[in-house]
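1. I'll drop the sequence and a predicted model, then ask my questions.
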Amino acid sequence: MSDEATAAPAVADLDLKPALEAVLMVVDEPATEAHLAKILGRSRLRIADALRELADEYTAQRRGFELRQVAGGWRYYTRPEYAPAVEGFVLDGQQARLTQAALETLAVVAYRQPVSRSRVSAVRGVNCDGVMRTLLQRGLVEEAGTEPETGAILYVTTNHFLERMGLRGLDELPELAPFLPEAEAIEAETLEGVPSFDPDAPDAPGSDEADDQTEF
């Protein structure tokens, strides 16, 4: 009998909630209920019930962390009210936030996706090649095919974006889309002043994307 076969019954005999806690402590991305059910030898329904019970227990106990369902899976997060303590420890005076330019670009992609780089530039009124490259490197956006009419590359947000924002899906985004101008309506006149740069070239001096190296 293989080692895997002999180990399986031992896993199934473990207390479920502590076993879930142990696994979730080491995940580097949200773990799905189906995956947890497979590795712990339990039904998905039982796993789902146990996860929700754990989440409720942490809230009732006012723990400094919470178990949250995001991006199709479950993962531990520190509670927002303890953010100052966490930031003081992790950042230690270093800049780790997205720049304003990156946040604006990311917001346009999130609410207009799939969207081309030129349309994002049209909405922002400034070239966004540098910031878009940074967002790609950070894994917050990704390519998703091309625009049929122009052949331009289209961009969408990623599961990593959902994870970082603490969202289960894009339907949980705040209702901000109505406040964004229609890219189609302003693109023609805006793009005249927004030249398309090589996305792999250094950012132009003086642009608001020049400081994107401080992001995240």
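-> That came through, no problem. None of the values given here were measured: they were computed from a predicted structure.
2. Can you give the domain ranges for this protein?
-> 3-89, 100-214 (automatic domain parsing).
3. I'd like the distance between residue 148 and residue 131.
-> 25 Å (C-beta to C-beta, to the nearest Å). Using the backbone N, CA and C atoms, a C-beta is placed for each residue, glycine as well.
4. Out of the domains of the chain, indicate the one that is most buried.
-> domain 100-214 (a mean of 16; mean count of other C-beta atoms under 10 Å).
5. average pLDDT across that one?
-> Per-residue pLDDT over domain 100-214 has a mean of 73.
6. Stretch 77-86 too?
-> 90.
7. So which residues make contact with that stretch?
-> 63-68, 166 (C-beta atoms under 8 Å, 6 or more residues apart in numbering).
8. how about 6 Å then?
-> Residues outside stretch 77-86 that contact it (C-beta atoms under 6 Å, 6 or more residues apart in numbering) are 64-66, 68.
9. what ranges do the strands span in this protein?
-> Applying DSSP state E to the chain gives strands spanning 65-70, 73-78, 115-116, 141-146, 153-157.
10. can I get these in TSV with distance to residue 49?
-> Converted to TSV, those look like this (distance: least, C-beta to C-beta, whole Å):
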stretch	distance to residue 49
strand 65-70	13
strand 73-78	12
strand 115-116	39
strand 141-146	34
strand 153-157	30
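11. Could you find the closest non-adjacent residue to residue 19?
-> residue 40 (5.6 Å; C-beta to C-beta, 6 or more residues apart in numbering).
12. From residue 49, how far out is that neighbour?
-> Taken as C-beta to C-beta, the span from residue 40 to residue 49 is 13 Å.
13. Give me the residue at the spatial middle of this protein.
-> residue 161 (1.5 Å; C-alpha atoms, centre = their mean).
14. about what we covered before: ok, so of the contacts of stretch 77-86, who is nearest residue 21?
-> residue 65 (10.7 Å; C-beta to C-beta).
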